[in-house]
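Trainee: missing the sequence, but the structure's below:
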């Protein structure tokens, strides 16, 4: 996936649905990403994605054991925090998420403020 904003997602956010997260590698231009399933989605509470395969061009490489990306919403001091937990994902994916999360969470903050 491309931490510079070129990533895309296909699928739905309802529990049990599959999601495809993909985009061009900024160094090689090859398309890569992940396949996941929405394990849990409770609006305004939590989201859990179960990652089950890496995407490399058109090939899928199973992730074993499967990895999880978990988000929760919690009230704190009159505001909201979003704790994030990764389980069983490679260091490469953890580094990618660490680079992408600040931008994504800032966008989420902008959206939340518009909804007030």
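Mentor: Yep, that arrived. Being a predicted model, the structure only gives us computed values, none of them experimental.
Trainee: Name the secondary structure element that contains residue 95.
Mentor: helix 91-115 (DSSP states H and E).
Trainee: Okay, buried residues for the longest strand along the chain please.
Mentor: If you go by DSSP state E, the chain has its longest strand at strand 59-72. Neighbour-count burial for strand 59-72 flags 63, 66, 67, 68, 69, 70, 71 (criterion: 16 or more other C-beta atoms under 10 Å). Heads up, the C-betas are built off the backbone N, CA and C, glycines and all.
Trainee: Out of these, flag the one nearest to residue 44.
Mentor: residue 71 (11.6 Å; C-beta to C-beta).
Trainee: Can you verify my assumption that the closest one contacts residue 46?
Mentor: Yes: assessed by C-beta atoms under 8 Å, residue 71 is found in contact with residue 46 at 6.3 Å.
Trainee: between these two, what contacts are shared?
Mentor: Contact with both residue 71 and residue 46 is made by no residue, according to C-beta atoms under 8 Å, 6 or more residues apart in numbering.
Trainee: per-residue confidence averaged over stretch 63-81?
Mentor: Stretch 63-81 comes out with an average pLDDT of 88.
Trainee: contacts for that stretch?
Mentor: 34, 36, 39, 44-54, 82-90, 93, 97, 112.
Trainee: For the buried residues of strand 59-72, please prepare a markdown table with the additional fields distance to residue 107.
Mentor: Compiled in a markdown table, the buried residues of strand 59-72 are given as follows (distance: C-beta to C-beta, whole Å):
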| residue | distance to residue 107 |
| --- | --- |
| 63 | 26 |
| 66 | 27 |
| 67 | 23 |
| 68 | 22 |
| 69 | 17 |
| 70 | 19 |
| 71 | 14 |
